[in-house]
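Novice: Sequence first, predicted coordinates after that:
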Amino acid sequence: MKTLVYFFLVLNIGMCTSAMAQDFTGLATYKSAMKMEFTTDSTEISTEQHDEIQASLMNAMQKDYELSFTRTESNWKELEGLEKGPAPGSGLVINIVGMGGGADGLLYKNTKDKKKLETTDAFGKLFLISGELKAYDWEMTSDTKQIGKYTCYKAIAKREVTEIHISEVNGEKEGKEEKRTQVITAWYAPEIPVSHGPDNYWGLPGLILEVGNGNRILVCNKVVLNPQEVVEIEIPSKGKKVTAQEYETIMKEQTEKMNKMYREERKKGKKGNTMEIKIQG
C-alpha cells in the first residue's frame, strides 16, 4: 500500500512539473545601438554638418524591441516610438540599404521545428519571409557578468558575412564585395531556461540578454517571467510570400532602381547631394 501511495505522489509531482513547463512564458524588452560611418567628397557639406548628420543617424538606429516567448516559440518586434531621422534642413537625400523591418515587422521563431517567419515592410510593400533557423556554433566560456538580477555567461560564435563597399564617381556607382569573419558575442542567463534570444539569435541554454556582432548591440533592460497577462505568440500570415533568398534578390533590385533614379536626378542638375550608407547587421 505504501508503495502505491508513493507511486501516485511521484506521478502527481511529475504531472505538475510538466504543466509548469508548458505554461512557462515571458516578456523581455531590449534596446539597440548600431555603429555607422559614412564619407562624402561634397564641398557643400561642412565638418559640422557631417558630424550633425552622423549623430542624427546614430540616434535613428537606437530602437526599442520586445521579445515575447514560450518554451519553444517567440515573437520579436520593434516597439512604436517617436519617429527619428536625419537632421532637418541638411539638403541631403540619404538612401539606407539593408534596413528592413521597422514598426510593421514581426519575427516568429520556433526553436523546436527550427523554422521562422518574418513580416517586413520594404519599399512600401509588405513581405512574408519564410526560412530555416540557422544554428550558431556557440563556443561556451566560463566568463560571467551581471545583467540586471541575472548572472549571465558568455558565448562566442563566428560566421562569414559579405559586405558591399560602394563608391560613386561622377554619377557612376561602383560596388565591391568583401567577405569577412564576423565575431558574435552573447551573454545568456541559465536561470531563464529557454533557448530564445533577440532578433535572429538563439540556441543557448538560457535566454540571451545581450548580444553584439561588432556593428550592432542588443541589450535587455527588463524581463518579466510568467506575467499576469497572457502571452500570445502570433504566427505571421500577411504579406507577399517569399523565401529569404528571393527577398534578398528583390531588395537588391529595388535598391538599384532607387540609386539609378538618384543618379538621373543629379545628371539633370537637381540640387542636393546623394549618398549611400551600407549597414552590416
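Specialist: Cool, the structure landed.
Novice: Distance check, the nearest residue to Asp23 once chain neighbours are set aside against Ser237.
Specialist: Distance criterion Cβ to Cβ, 6 or more residues apart in numbering; nearest residue to Asp23, sequence neighbours excluded, is Asn226 at 7.3 Å. Bear in mind the C-beta positions are built from the backbone N, C-alpha and C, glycine included. Distance of Asn226 to Ser237, given as Cβ to Cβ, to the nearest Å: 27 Å.
Novice: what bridges to the residue lying closest to Leu79 once chain neighbours are set aside?
Specialist: Distances taken as Cβ to Cβ, 6+ apart put Asp64 closest to Leu79, at 4.3 Å, once the chain neighbours are dropped. With DSSP bridges as the criterion, Asp64 is bridged to Lys31.
Novice: begin at 18 from here
Specialist: Will do, 18 is the new start, and the previous item becomes Asp81.
Novice: can you pull the contacts of the residue nearest to Asp40?
Specialist: Taking Cβ atoms under 8 Å, 6 or more residues apart in numbering, we find Asn243 in contact with Asp40, Phe41, Thr42, Gly43.
Novice: distance of the nearest residue to the last one once chain neighbours are set aside from Tyr218?
Specialist: The shortest distance from Gly43 to any non-neighbouring residue, by Cβ to Cβ, 6+ apart, is to Leu242 (4.8 Å). Here Leu242 is placed at a distance of 19 Å from Tyr218 (Cβ to Cβ).
Novice: So if I had to pick from these two, which one is more boxed in?
Specialist: Tyr218 (20 against 14; other Cβ atoms under 10 Å).
Novice: isn't the more buried one right up against Gly229?
Specialist: No - the pair Tyr218 and Gly229 fails to qualify as a contact (Cβ atoms under 8 Å) at a distance of 10.2 Å.
Novice: what sits in contact with each of the two?
Specialist: With Cβ under 8 Å, 6+ apart as the test, Tyr218 and Gly229 both reach Ile201, Leu235.
Novice: Look up which helix or strand the residue nearest to Glu156 when sequence neighbours are not counted falls in, please.
Specialist: Of all residues not flanking Glu156 in the chain, Ile173 sits nearest, at 4.7 Å (Cβ to Cβ, 6+ apart). Under the criterion of DSSP states H and E, Ile173 resides in strand 167-186.
Novice: Also Glu270?
Specialist: Per DSSP H and E, the secondary structure element for Glu270 is helix 261-284.
Novice: Report all helices and strands that that helix contacts.
Specialist: strand 109-114, strand 132-139, strand 142-149, strand 189-206, strand 290-295 (3 or more Cβ pairs under 8 Å, 6 or more residues apart in numbering; DSSP states H and E).
Novice: tell me the contacts of Leu150?
Specialist: Leu150 neighbours (Cβ under 8 Å, 6+ apart): Lys126, Asn127, Thr128, Lys131, Lys132, Lys133, Asn217, Trp219.
Novice: List the contacts of the last one.
Specialist: Contacts for Trp219 were tallied using Cβ under 8 Å, 6+ apart; they are Lys126, Thr128, Leu150, Tyr153, Ser212, His213, Ile225.
Novice: State the pair within the residues you listed that is farthest apart.
Specialist: Leu150 and Ile225 (13.8 Å; Cβ to Cβ).
Novice: Contact partners for Lys162?
Specialist: Thr168, Cys169, Lys171, Trp204.
Novice: Near the first one, how many other residues are there?
Specialist: So the one you mean is Thr168. 14.
Novice: quick one: it from Thr89, how far?
Specialist: The value you get for Thr168 to Thr89, if Cβ to Cβ is used, is 24 Å.
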